[in-house]
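Q: When you get a sec, could you give me coordinates for this:
(one chain, ligands or ions: 3)
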Amino acid sequence: MVTSSLLAVGIDSSLDASPSEDGRRAPLRVLIGRDHRAIEVSDRVQELTPLRPGDRISFHPDSFLDPHEGAALRDAYRRVRRRIGASERLTVRIVDVEGRRREFDLVLSNGFADPSVGAIELVSEDVTGLRGRRVIDRLRSRLLDLLPTVVTVVDDVGTIVYCSERSRSVLGIDPADVIGRSIAESNLLPIAADQVEAIRVAAETTGRWEGDVELRRADGSTVPVQLVLERIDDDEIGFHGTVGISFDVTERRKLEDHLDFQASHDALTGLYNRQRFVRMLETALDEANDTGGRLAAMFIDIDDFKAVNDRIGHAAGDALLVAVADRLRSALPDGSIIGRFGGDEFVVYSTGVDDVAGVVDVARGLVDALSVPIGSGTDAVVVSGSVGIALSGQGAPAEELLRRADIAMYVAKERGKNRIEVFDDEVGLRKRRRREMQDELERALDADELDVHFQPELSLIDGRVAALEALTRWHHPDRGAISPIEFIPVAEESGLIHRLGALVIERSCRAMRSWLDAGLGDGLLVAVNVSTRQFLDHGFPDTVARLLDESGVSPEHLCLEVTESALVDADVALRALGRLDEIGVSIALDDFGTGYSSLSRLSKFPLDFMKIDRSFVANLDVDPASAVIVQMVVDLAHALGLQTIAEGIETQEQLQRLAAAGCDIGQGFLWSPSVTFDEATALLRNHDRRRVARGLRAGSYRGVQLDLPIGRQATKRR
Ligand code: C2E
Ligand code: MG
Ligand code: MG
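A: Residues are numbered from 1 along each chain as shown. Ligands and ions are numbered 1, 2, ... in the order given. Take a look at the predicted model:
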């Protein structure tokens with residue numbers, strides 16, 4: 001016990017985390033006798049150290065002191081002991097009984113000559129916290145200069161009384177130049193006048209203000225800072241004013257900007273995302289409403305993007321979208337903002353719009369920019385876009401404006417894609433009519449208002465009726481005949497196509513059954529149009545098998561016509577076609593030449609007929625290129641083992657050219673439009689195959705007519 005005590009000795013009165021004021025101030029005093037034993041040990045010393053009265057003082061190194069300090073204290077003790085009246089002051093560090101580091105200013109004095117003492121007296125003061133405070137006091141003024149903030153003090157009349165060194169790097173201001181000047185003339189006030197006013201009010205009321213402001217640097221540039229202001233009213237020193245601390249937040253702003261970019265932009269293309277675009281549009285609309293200006297919103301959708309994406313793969317699809325985004329961005333005039341709503345949907349709004357024509361010009365610029373092939377060589381991809389435009393007005397909110405542009409875009413798709421449509425009431429009307437038509441169509445199906453008519457297809461080889469194409473007819477009680485071009489898309493969109501499609505197959509099979517029963521169905525096909533949505537339905541082949549089964553018609557009498565869009569997803573198409581092939585029905589590719597299937601792809605599919613689109617046939621008379629194309633298509637089809645059917649033959653001239661090209665089958669108003677079941681039955685019965693064949697063989701196809709009992713009537717009806 002004795003050993004460790006000495007150092008404990010000179011100790012304490014300090015500031016530290018726990019001790020009470022009393023503890024810190026309590027006297028630290030030890031009296032040491034000639035025999036080196038403690039005569040008196042103050043309570044505080046006993047609290048902090050193991051030293052007790054009667055203990056022998058030791059300077060052993062494994063005491064509370066580190067060895068160096070132990071030696072210094074021991075030397076001082078020796079010196080003081082030898083000379084009456086001597087005293088020495090030194091600082092020692094110890095670890096107290098609780099293990100806390102403490103620092104003491106200690107005075108050793110020789111009091112042997114003083115009868116009231118009669119010993120070596122050791123008195124000390126705990127300076128543990130004081131040292132730090134002293135350092136801070138020393139540093140205080142420099143500390144302000146070291147902080148990464150500009151500290152300014154302004155008195156009540158607005159004179160800058162202090163400005164820290166950081167003003168040099170943050171604002172390019174030399175403190176010496178501003179001290180003594182008015183704050184109003186300095187760069188130290190926010191640029192925004194409303195903030196200056198808010199600060200003035202705060203200074204008079206709460207005395208505190210905090211916020212982000214922009215300050216102007218000496219070179220004229222701006223810097224964002226976080227500003228904290230606090231009133232100082234110090235009567236002791238007689239100062240009244242404000243201290244301001246400006247923290248340069250440039251870096252924080254950069255990070256915030258980065259995060260904001262991520263939250264407001266589409267990661268793939270870097271264009272604004274939906275949320276941000278709509279918010280900007282809302283603001284722009286408010287401004288336009290205030291100033292009486294106009295604004296246009298556009299929806300741009302890449303035509304058949306899904307098909308392109310499936311064909312080139314998703315990675316290339318993404319790259320394509322990026323390229324499209326770049327194209328669109330660079331084709332936009334100033335004052336236009338572009339965003340992407342996901343997928344291949346791009347949106348634009350333009351401010352300062354004068355008239356529709358101007359906006360259409362902008363849209364045309366976009367469409368033109370898209371029409372240039374993207375990429376080069378064999379990798380080049382050609383896309384087109386459909387654009388819908390809506391103009392602001394009547395206070396329509398952003399969402400409504402976008403909805404209108406979207407509707408107009410859909411109309412552009414409906415009207416053949418790669419085009420621009422402007423939303424007007426007609427467009428809205430169309431949309432409504434479409435919805436009405438959907439309800440009407442459903443009702444018509446319930447009420448059995450749909451009819452199936454048949455149009456003959458004749459062999460150009462031997463003149464027989466090779467097939468009858470089933471075409472659905474809707475005679476609306478009020479609106480009269482509605483074209484399938486109008487109602488089939490509605491049926492597709494609403495899903496009614498499954499019901500409608502099954503109905504047509506059922507009626508067609510029933511008709512075929514009657515023709516077979518009447519001995520008219522030998523080698524005859526009934527051809528039924530199948531929409532893509534219907535074809536892609538998993539259950540479709542089973543439905544076909546069931547309907548054939550129920551009607552007792554064998555599958556070689558049924559042909560299904562699909563369009564190229566049904567083959568876009570090759571895997572799905574192959575699965576469906578494989579099943580249908582197993583069932584034994586034949587397949588015709590309808591409207592060939594209007595889609596985008598590459599010729600090489602066609603060889604993959606088990607097809608039986610290729611129907612050359614009416615547009616090629618129609619041009620045969622006028623456009624030599626069409627004749628070449630038709631010849632190529634016929635040759636290609638034959639090379640793939642398919643028979644060709646030409647649609648829409650209206651003139652002898654067309655028929656002649658088609659026959660010359662080697663086309664196998666023809667269909668068109670030249671012979672007959674679609675007719676009712678009864679008319680078709682009569683037609684089959686009366687048809688003079690040899691007469692047609694004779695005409696064909698003679699090469700002069702003039703006068704070749706079907707022997708229709710109903711004559712011109714049917715032709716007129718179309
Ligand atoms: P499609 O399959 O290409 O049918 C041929 C269309 O051309 C028919 O029009 C037919 O009346 C018409 N047409 C035939 N010969 C000529 C001609 O010489 N000149 C002209 N200008 N036109 C001719 P329709 O009946 O209006 O049908 C239009 C389209 O509607 C069809 O085109 C087909 O894609 C679709 N469609 C018709 N019925 C159905 C159906 O039951 N189901 C499905 N999914 N689609 C159908
Ligand atoms: Mg067809
Ligand atoms: Mg067709």
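
Q: Am I right that Ile245 is in a strand?
A: Yes: under DSSP: H, G, I helix; E, B strand; the rest coil, Ile245 falls within a strand.

Q: List the contacts of it.
A: By Cβ atoms under 8 Å, 6 or more residues apart in numbering, the contact list for Ile245 reads Thr149, Val150, Val151, Leu227, Val228, Leu229. For the C-beta atoms, the positions are set from N, CA and C on the backbone; glycine is no exception.

Q: Buried subset of the residues you listed as a PyMOL selection?
A: A single PyMOL command selects the buried members of these (16 or more other Cβ atoms under 10 Å):
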select buried, resi 149+150+151+227+229
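
Q: got the contacts of Ile245 as TSV, with distance to ligand 2 and pLDDT columns?
A: Listed next are these as TSV, based on distance: Cβ to the ion, whole Å; pLDDT from 0 to 100:
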residue	distance to ligand 2	pLDDT
Thr149	79	88
Val150	80	91
Val151	84	90
Leu227	75	93
Val228	77	93
Leu229	80	93
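
Q: helices or strands up against the helix or strand containing Ser169?
A: Per DSSP states H and E: Ser169 is located in helix 167-171. The contact analysis (3 or more Cβ pairs under 8 Å, 6 or more residues apart in numbering; DSSP states H and E) places helix 167-171 against strand 149-155, helix 175-178, strand 222-234.

Q: Tell me how far the second one lies from the chain's centre.
A: Distance of helix 175-178 from its chain centroid, counting by Cα atoms, centre = their mean, to the nearest Å, is 50 Å.

Q: can you list the residues that contact the helix or strand following that helix?
A: The helix or strand immediately downstream of helix 175-178 is helix 193-204, counting by DSSP H and E. Residues outside helix 193-204 that contact it (Cβ under 8 Å, 6+ apart): Leu189, Pro190, Arg208, Trp209, Gly211, Val213, Leu229, Arg231, Thr242.

Q: beta partners for the last one?
A: Just to be clear, that refers to Thr242. Counting by DSSP bridges, Thr242 forms beta bridges with Val154, Arg231.

Q: What residues does it make contact with?
A: Contacts of Thr242 (Cβ under 8 Å, 6+ apart): Val153, Val154, Ala203, Leu229, Glu230, Arg231, Ile232.

Q: if you set the cut-off to 6 Å instead, what comes out?
A: Remark: with contacts taken as Cβ atoms under 6 Å, 6 or more residues apart in numbering, Thr242 is in contact with Val154, Ala203, Leu229, Arg231.

Q: Which residues belonging to the host helix or strand of Leu328 are considered buried?
A: Element membership for Leu328, per DSSP H and E: helix 314-331. Residues of helix 314-331 classed as buried by neighbour count (16+ other Cβ under 10 Å): Gly317, Ala319, Leu320, Leu321, Ala323, Val324, Ala325, Arg327, Leu328, Arg329, Ala331.

Q: For it, enumerate the helices and strands it packs against.
A: helix 356-371 (3 or more Cβ pairs under 6 Å, 6 or more residues apart in numbering; DSSP states H and E).

Q: got the angle for the helix it packs on vs helix 314-331?
A: Relative orientation of helix 356-371 and helix 314-331, computed by axes from the mean of the first three to the mean of the last three Cα atoms, to 10 degrees: 140 degrees.

Q: picking that back up, export the helix holding Leu328 to CSV, keeping only CA atoms.
A: This file holds the C-alpha atoms of helix 314-331, laid out as CSV (Å, rounded to 0.1, in the frame of the first residue of the first chain):
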residue,chain,number,x,y,z
HIS,A,314,-33.5,-7.0,-75.1
ALA,A,315,-29.9,-5.6,-74.8
ALA,A,316,-30.1,-4.3,-78.3
GLY,A,317,-33.6,-3.1,-77.6
ASP,A,318,-32.3,-1.0,-74.7
ALA,A,319,-29.5,0.4,-76.9
LEU,A,320,-32.2,1.2,-79.5
LEU,A,321,-34.3,3.1,-76.9
VAL,A,322,-31.2,5.1,-75.9
ALA,A,323,-30.6,6.0,-79.6
VAL,A,324,-34.2,6.9,-80.1
ALA,A,325,-34.0,9.2,-77.0
ASP,A,326,-31.0,10.9,-78.4
ARG,A,327,-32.6,11.4,-81.7
LEU,A,328,-35.7,12.9,-80.2
ARG,A,329,-33.8,15.1,-77.9
SER,A,330,-31.7,16.6,-80.6
ALA,A,331,-34.7,17.1,-82.9
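
Q: Need the contact partners of it.
A: Thr269, Leu271, Asn309, Ile338, Phe346, Gly365, Leu366, Ala369, Leu370, Ile374, Val381.

Q: Let me see the contact set for the fifth one.
A: What it means is Phe346. With Cβ under 6 Å, 6+ apart, Phe346 has these contacts: Ile300, Leu328, Arg340.

Q: any idea which element it lies in?
A: strand 345-351.

Q: what's the model's confidence in that strand, averaged?
A: Here strand 345-351 scores 95 as its mean pLDDT.

Q: what lines up beside that strand in the sheet?
A: Strand pairing (DSSP bridges) places strand 345-351 next to strand 295-302 (antiparallel), strand 336-342 (antiparallel).

Q: circling back: can you put the contacts of helix 314-331 in TSV and add distance to Trp515?
A: Below are the contacts of helix 314-331 laid out as TSV (distance: Cβ to Cβ, whole Å):
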residue	distance to Trp515
Thr269	58
Leu271	59
Asn309	45
Ile338	59
Phe346	53
Gly365	57
Leu366	54
Ala369	55
Leu370	50
Ile374	52
Val381	48
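
Q: Check these and tell me the two furthest apart.
A: Asn309 and Gly365 (24.8 Å; Cβ to Cβ).
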